[in-house]
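Visitor: turn this into a model:
(2 chains)
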Amino acid sequence: MRNQKFIFRKFIEIFTIFFIILTVLFFLFRLAPGDPVSKMVDPTLTPEDTQHMIEQLGLDKPAHIQYFIYVKNFFSGNLGRSFHYGEPVSTIIMDKLPCTVLLFTTSTLLAAFAGVFLGKIAAWSKGSGLDNFLSISALVCHTLFIPWFALLLLWILAYKVGWFPLGGIISPELWIDDASVFMKAIDVVHHMLLPLATLFFIHLGSYLLLMRSSMLSVLREDYIITARAKGLSEKVIRNKHAAKNAALPVITSVGLSLAFSINGGALTEQIFTWPGIGRELIFAVSNNDYPLAQACFLLIAAVVLIANLVVDLLYAYLDPRIRY
Amino acid sequence: MRKNHYIMRFQKGWKIFIKNPLGKTGLFILFVFLIMAFASFFVPHIGPMYDPMTGTDPNIKVSTYPSLSHWLGTDNVGRDLFAQLLEGAKVAFIVGLSSAFISIVIGTAIGMISGYAGGIIDILLMRIADIIMVMPSLVILLILASIFGQFNIWIIVFIIAILRWPAVSRIIRSQTLSLKHRPFIEASRVAGASNIRIIFRHIMPNVLPLAFLYMTFRVTSAILVEAALSFLGFGDPSQVSWGMMLQWVWKTGHMFQAPYWLIPPGVCISLLTLAFYMLGRAMDEVLDPRLRKEGQA
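Guide: Numbering: from 1, shown residues only, chains lettered A, B, ... in the order given. Below you'll find the model as predicted:
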């Protein structure tokens, strides 16, 4: 019962926040210098089509009516037409979203698992050579500049050695020739490895360091002494008792560092020309394709909010002390 | 009497700080970059050829490898890369430090007010902080660039600062909360001090070390975001920052042919960020006695 109330409240919260963001964006857009019509409507449309778009977006009406049309449009899935593609924005976004999700979730999960595992080992053997090595490598990984690291990987592994493609998600030849599903899957994975590696190493650093410090403070707790007194083996203590509790902050940090991950993800997508939402946003901004840019931004904002909700719920589920 | 007390605390902290290997390394790297940044003021005086933005060597028209007259080589229009690197150091420090400073001014003020006032103000401010904190800064800067066009470097600094104060305010707030109930605060309340006076005269000196600690993290964040923004092409085109250098090497297609152009800016960004981070961690140890290794005071 109480859980349901908690979840419900959280839902209302993120919905409100999203609404606020939507509204703020609207106001910023109207505050900007320049003509809103040329920003929202494709300049290459014929006069009749332009007029039709203006009416549809309500640009000829007073501000408050325009706001209602804006909100209504958004929730009915009408996000405008992209200038560059000439297609409805929602179609474009639905196309690109799976790519981003694929890259993102894989890299985050891999980095989180590896980070927890290595952080656990590092904390357990604190002060040793292994710990120092892991800690320093993690520190370096954490502060690498993503575009530079990505370019370096691209240069060495794709350009010089030729092990990996220079970008994109597929090799068109393979797909036009209608190869088997297995070959297609391998192709995608082959293209995904470099961007995956980039994101993996960057995030591994922070997760490792976090797990390590979390583990160190858990190891100081009383129940570890009790476990030792009970005669449990070191391995059991480390894995079953210490690591499980130490991993909790790492899970919340996945949610909190989502902002950082999204920034990094967009940069990585851009460099490896991975056709995802991040790259689409950058592309739209460079080309003054405002409807597309706005939609990408709102999508990212929604994802951030939902992810935070999920992390909150997950944390509440895992740690019974904080349900309220 | 008061002055001596602060100096003593600083000296004590310094001793601990300087023993820490992270602190030593971080400080050393920072020092090197500071020298670079100051050097950038003198470089144009060597000759107009060496100006990072406008200087072109009359003999060189394409990107060249390092040589005696150009220590890091030249970019594709003949500008000296080392001069650009030095200029980038200057920009990095200016952007990082000013953005971080604005961040902690706002964050400390809001954190103290929130922690001290409590109640509805606290809840409201912290909600706002939560929302801002989870927003990806680069994405926000991108959409703002889409609406408002190209940005001046100071606007970038300011926006980064606005997006980053929440992290500071949370820490300051919890510190304020723990200080709020200390006897000396009660005493000054009884003595009739106004709330504002209590906050700024009594609480602030105790939270400032923490604020400066978090300033180091803000600096790293600001430098990275500005570099990323410049790399994507939305930075201030009148500033030569390391991110800009990377953008140029990428956009002109030289990234695979010119390692002397590609590698240095990235190394510098990472090293400077690393240095500030190390500095922050070492300061962390100074401020939090529990983190110190056994055997230290």
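Visitor: what's the burial count for residue B:171?
Guide: Using other CB atoms under 10 Å in any protein chain shown, the number of residues around residue B:171 comes to 17. Glycine gets a C-beta too; all of them are placed from N, C-alpha and C.
Visitor: ok, the residue most central in space within chain A - contacts?
Guide: Residue closest to the mean C-alpha point of chain A, counted by CA atoms, centre = their mean, is residue A:262 at 4.0 Å. With contact set as CB atoms under 8 Å, 6 or more residues apart in numbering or on different chains, residue A:262 has these partners: A:278, A:300, A:303, A:304, B:136, B:138, B:139.
Visitor: now the residues you listed in CSV, with distance to residue A:63 and neighbour count?
Guide: Compiled in CSV, these are given as follows (distance: CB to CB, whole Å; neighbours: other CB atoms under 10 Å in any protein chain shown):
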residue, distance to residue A:63, neighbour count
A:278, 32, 29
A:300, 26, 25
A:303, 29, 18
A:304, 28, 24
B:136, 29, 25
B:138, 30, 27
B:139, 26, 23
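Visitor: for the one helix or strand residue B:103 maps to, name the packing helices and strands.
Guide: When elements are assigned from DSSP states H and E, residue B:103 belongs to helix B:81-117. Judged by 3 or more CB pairs under 8 Å, 6 or more residues apart in numbering or on different chains; DSSP states H and E, helix B:81-117 is in contact with helix B:21-46, helix B:119-133, helix B:153-180, helix B:204-232, helix B:242-251, helix B:259-287.
Visitor: rerun that using 6 Å as the cut-off
Guide: Helices and strands touching helix B:81-117, by 3 or more CB pairs under 6 Å, 6 or more residues apart in numbering or on different chains; DSSP states H and E, are helix B:21-46, helix B:119-133, helix B:153-180, helix B:204-232.
Visitor: would you mark the buried spots in it?
Guide: B:81-104, B:106-116 (16 or more other CB atoms under 10 Å in any protein chain shown).
Visitor: relative to helix B:21-46, how tilted is that helix?
Guide: 130 degrees (axes from the mean of the first three to the mean of the last three CA atoms, to 10 degrees).
Visitor: just want the angle from helix B:81-117 to helix B:119-133.
Guide: Orientation note: helix B:81-117 sits at an angle of 160 degrees relative to helix B:119-133 (the same axes, to 10 degrees).
Visitor: helix B:81-117 - what's its average pLDDT?
Guide: Averaged over helix B:81-117, pLDDT sits at 88.
Visitor: and what of stretch A:280-293?
Guide: 84.
Visitor: chain center to that stretch, what's the gap?
Guide: 18 Å (CA atoms, centre = their mean, to the nearest Å).
Visitor: separation between residue A:311 and chain B?
Guide: Counting by CB to the nearest CB, to the nearest Å, the gap from residue A:311 to chain B is 10 Å.
Visitor: please, which helix or strand holds that residue?
Guide: Using DSSP H and E, residue A:311 falls in helix A:290-318.
Visitor: who are the packing partners of that helix?
Guide: Helix A:290-318 packs on helix A:2-31, helix A:89-124, helix A:244-256, helix A:277-286, helix B:137-148, going by 3+ CB pairs under 6 Å, 6+ apart.
Visitor: what is the longest one packed up against?
Guide: Same thing as helix A:89-124. helix A:129-143, helix A:181-219, helix A:244-256, helix A:277-286, helix A:290-318.
Visitor: lowest average pLDDT across those helices?
Guide: helix A:244-256 (a mean of 77).
Visitor: for that helix, packing partners?
Guide: Helix A:244-256 packs on helix A:89-124, helix A:181-219, helix A:290-318, going by 3+ CB pairs under 6 Å, 6+ apart.
Visitor: closest to residue B:271 out of the ones you listed?
Guide: Proximity to residue B:271 (CB to CB) singles out helix A:181-219 among these, at 15.1 Å.
Visitor: pull out the buried positions in that closest one.
Guide: A:187-188, A:190-216, A:218-219.
Visitor: now stretch A:83-99
Guide: Neighbour-count burial for stretch A:83-99 [16+ other CB under 10 Å]: A:83, A:84, A:85, A:88, A:89, A:90, A:92, A:93, A:96, A:97, A:99.
Visitor: and for stretch A:113-127?
Guide: Those would be A:114, A:115, A:116, A:118, A:119, A:120, A:121, A:122, A:123, A:124, for stretch A:113-127 by 16+ other CB under 10 Å.
Visitor: distance-wise, check the fifth one relative to residue B:198.
Guide: Per CB to CB, to the nearest Å, residue A:119 is found 41 Å from residue B:198.
Visitor: also the first one?
Guide: For residue A:114, the distance to residue B:198 (CB to CB) stands at 48 Å.
Visitor: before we move on, the earlier item: any idea which of the helices and strands packed on helix B:81-117 is most buried?
Guide: Each of the helices and strands packed on helix B:81-117 was scored by mean neighbour count; the highest is helix B:204-232, a mean of 23, by mean count of other CB atoms under 10 Å in any protein chain shown.
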